[in-house]
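# sequence unknown, structure follows:
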């Protein structure tokens, strides 16, 4: 009898241990779907680590780097490469390739992707991605046009001279026009004599490169290193980190014997720079700040710091995530629980959605939401206005991850968050390596075919070099789909085309707009545009867009 009881108790104990070892679900969670991103077009899981997942502004594409050799055919270069996952089509393509399609002969990483996956920028030590790469194995910044397959060098001067130092950490604007990056090169702009790493902006339309990390008098670069730049969609505002003490006047805080790293915003329209890592009383932070990001309108900036004087009652001795509002110079801590309790461990790596509504970050804290019992670093998402946080790095059914997650990236509307993780239970995952995942709170179908009804009248003027006779139905040569509801007539000298919502004169010839090589300059539209179907890929370079 005692032996039977002992056996029964043993079975119960084992069962309890098994139950306790299974990660539990957290408290209230927004419904979402978690998918594995770092797979091949045939859904084969990567055979080596994948990381640095960067979701496109629309949330439909994810760029990432990987040491895997089985994500695309013929990946035999034994180098870390950059890839792009097209979520609507379920395809994965190699990005860090030459214009002729050859694989790189050096390491490629740190991608950033534009709207609709049109352009991807990345850093690479490869020397064979462009024909004119003559600065040996120096790490450069490249931009890949996904539609045309063209790879171009970005870390060059306005005169197209290659940088004579390392360039890293690029970030691209949603339209693919602006690229910001950090570089120790001294020849990208005139009179760069500070012998420090600076932040630069490349305008790919104007073909110009300019210094961003100016000193307070706009006469040169800062007196210490600058890095971690992010640019707003219009290219006006750039947020970055700098250890220089002369970016603004009155920067006197020391971290040891050097100036602390601060967050700054450069306004390219007014040629002014503001420090945004300030306390609620306008004072200087007691420690270095890192990992800045900025909303599309330049109003909100997020960053992390272990400084305990940004807000009152910061007693957790851990880095926290803060939100700075540039309109009223206010700052608040966002890495707190839904009841306002400060996190009991580190919170870092914040990103903010373009609309400024959502903030995602990484945290080891276990008290930000109820039921966080996995003792792992998780990805959180918090609403700026609600202050309500939830864990992003969970399964589709809300079960906690069984390993650490980090490096979040967020879409423009905050409905998609990409991240990397060693967890094996977030999605079907049997490869035993780090992977890139995406948590989707949105509706992909709605984003693929939005309906747009402008309220103002506009007229259209097309410019380009190709010619053709307009017809009523056009079949583009790429994967984009044109859906038009004819309501107006466009008249050109070579014929009449029925098309929606506009009347435009073509001039002597009406252009054929080949999606991979031509563009339109929109100046006005008259009539009512009833709908536009946006295909999953847009390859058109945008030259100008008038209101």
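It's in. All values derive from a computational prediction rather than experimental measurement.
# what sits against residue 290?
With contacts defined as CB atoms under 8 Å, 6 or more residues apart in numbering, residue 290 is in contact with 228, 241, 261, 303-305, 348. The way it works is simple: take the backbone N, C-alpha and C, and place the C-beta from them, glycine included.
# Run a quick check on residue 343 versus residue 335, I expect a contact.
Yes: counting by CB atoms under 8 Å, residue 343 does reach residue 335; the two are 5.0 Å apart.
# Out of these two, name the residue with the larger neighbour count.
More crowded of residue 343 and residue 335, by other CB atoms under 10 Å: residue 335, with 28 against 23.
# Was I right to think that one contacts residue 344?
No: in this structure, residue 335 is not within contact of residue 344 by CB under 8 Å, at 10.6 Å.
# so what's in contact with those two at the same time?
The overlap between the contact sets of residue 335 and residue 344 (CB under 8 Å, 6+ apart) consists of residue 365.
# Compile the contacts of residue 290 into TSV and extend it with columns for pLDDT, secondary structure and distance to residue 123.
Compiled in TSV, the contacts of residue 290 are given as follows (pLDDT from 0 to 100; DSSP: H, G, I helix; E, B strand; the rest coil; distance: CB to CB, whole Å):
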residue	pLDDT	secondary structure	distance to residue 123
228	99	strand	13
241	99	strand	17
261	96	coil	21
303	99	strand	22
304	99	strand	23
305	98	strand	26
348	99	strand	22
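# Most neighbours out of these, which is it?
residue 303 (29 neighbours).
# looking at the sheet around it, what are its partners?
Taking DSSP bridges as the rule, residue 303 bridges to residue 322.
# That one and residue 337: what is the separation?
Residue 303 sits 20 Å away from residue 337 when distances are taken as CB to CB, to the nearest Å.
# Correct me if wrong, but residue 438 is in a helix.
No: looking at residue 438 with DSSP: H, G, I helix; E, B strand; the rest coil, it is strand, so not inside a helix.
# Start at 36, not 1
In the new numbering, first residue 36, that becomes residue 473.
# how deep is it tucked in, by neighbour count?
When neighbours are counted by other CB under 10 Å, residue 473 registers 24.
# Quick one: residues contacting it.
Counting by CB under 8 Å, 6+ apart, residue 473 makes contact with 69-70, 72, 88, 90, 97, 122, 451-454.
# Closest to residue 204 out of the residues you listed?
Lowest distance from residue 204 to the contacts of residue 473 (CB to CB) belongs to residue 88, with 15.4 Å.
# Does residue 369 touch residue 346 like I think?
No: counting by CB under 8 Å, residue 369 stays clear of residue 346, with 10.5 Å between them.
# shared neighbours of these two, which are they?
Both residue 369 and residue 346 are in contact with residue 357, where contact means CB under 8 Å, 6+ apart.
# Okay, strands next: where are they in the stretch 336-485 of the chain?
Here the stretch 336-485 of the chain has its strands, by DSSP state E, counting those that start in this stretch, at 355-360, 365-368, 382-387, 393-398, 413-418, 424-426, 440-445, 451-456, 470-475.
# Which one, of those, ends up nearest to residue 190?
Taking CB to CB, strand 440-445 is the member of these nearest to residue 190, at 22.2 Å.
# where exactly do the helices run in this structure?
Along the chain, counting by DSSP state H, helices occupy 37-56, 479-483.
# For stretch 131-146, give the mean pLDDT please.
Per-residue confidence for stretch 131-146 averages out to 95 on the pLDDT scale.
# What residues sit buried inside it?
131-133, 138-146 (16 or more other CB atoms under 10 Å).
# Mind checking which of these are in strands?
Among these, DSSP state E puts 143-146 in strands.
# Generate JSON lines for those, with distance to residue 280 as supplementary columns.
As requested, these are arranged in JSON lines below (distance: CB to CB, whole Å):
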{"residue": "143", "distance to residue 280": "34"}
{"residue": "144", "distance to residue 280": "31"}
{"residue": "145", "distance to residue 280": "27"}
{"residue": "146", "distance to residue 280": "33"}
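# Hmm, residue 266 is touching residue 211, no?
No: with contact defined as CB under 8 Å, residue 266 does not reach residue 211; the gap is 11.5 Å.
# Pick out whichever of these two has more residues nearby.
Comparing residue 266 with residue 211 by neighbour count (other CB under 10 Å), the higher total belongs to residue 266, at 28 against 23.
# Distance-wise, check that one relative to residue 206.
Distance of residue 266 to residue 206, computed by CB to CB: 6 Å.
# what is in contact with those two at once?
Between them, residue 266 and residue 206 share the contacting residues 214-215, judged by CB under 8 Å, 6+ apart.
# got the strands of the stretch 336-485 of the chain as CSV, with distance to residue 462 columns?
Output for these, formatted as CSV (distance: least, CB to CB, whole Å):
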stretch, distance to residue 462
strand 355-360, 26
strand 365-368, 32
strand 382-387, 21
strand 393-398, 19
strand 413-418, 14
strand 424-426, 15
strand 440-445, 13
strand 451-456, 10
strand 470-475, 7
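# most neighbours per residue, which of these?
For those, the largest average neighbour count (mean count of other CB atoms under 10 Å) is found in strand 451-456, namely a mean of 28.
# residues contacting residue 85?
Under the contact definition (CB under 8 Å, 6+ apart), the residues listed for residue 85 are 72-73, 99-103, 455, 468-471.
# So which residues of the stretch 36-185 of the chain form strands?
Using DSSP E, counting those that start in this stretch, the strands of the stretch 36-185 of the chain run over 68-71, 85-90, 96-101, 116-121, 126-129, 143-148, 154-159, 175-180, 185-188.
# Which one of the ones you listed lies nearest to residue 288?
Between residue 288 and these, the shortest gap by CB to CB is with strand 143-148, which sits at 28.9 Å.
# Report the angle between that closest one and strand 440-445.
What separates the directions of strand 143-148 and strand 440-445 is an angle of 30 degrees, with axes from the mean of the first three to the mean of the last three CA atoms, to 10 degrees.
# Give me the contacts around strand 143-148.
Contacts made with strand 143-148 from outside it, assessed by CB under 8 Å, 6+ apart, are listed as 87, 89-91, 96-100, 114-117, 119, 130-131, 154-161, 203-207.
# what do you get if the cut-off is 6 Å, keeping everything else the same?
Outside strand 143-148, the residues that touch it by CB atoms under 6 Å, 6 or more residues apart in numbering are 89, 91, 96, 98, 100, 115-117, 131, 155-159, 204-207.
# Please apply the same query to stretch 384-403.
Residues external to stretch 384-403 that are found in contact with it (CB under 6 Å, 6+ apart): 326, 328, 330-331, 335, 337, 339, 356, 369, 372, 378-383, 407, 412, 414-417, 419, 424, 441, 443, 445, 447-449, 452.
# One more: stretch 277-287?
Contact with stretch 277-287 is made by 248, 250-251, 257-261, 294, 296, 299, 308, 310, as judged by CB under 6 Å, 6+ apart.
# Kindly recompute the last result at 10 Å.
Surrounding stretch 277-287, the residues in contact under the criterion CB atoms under 10 Å, 6 or more residues apart in numbering are 229, 231-234, 247-252, 255-264, 275, 288-290, 293-299, 301, 307-310, 319, 323.
# What residues of it count as buried?
Judged by neighbour count using 16+ other CB under 10 Å, the buried positions of stretch 277-287 are 277-283, 286.
# Quick one: mean pLDDT for that stretch?
96.
# Ok, stretch 366-381 next?
97.
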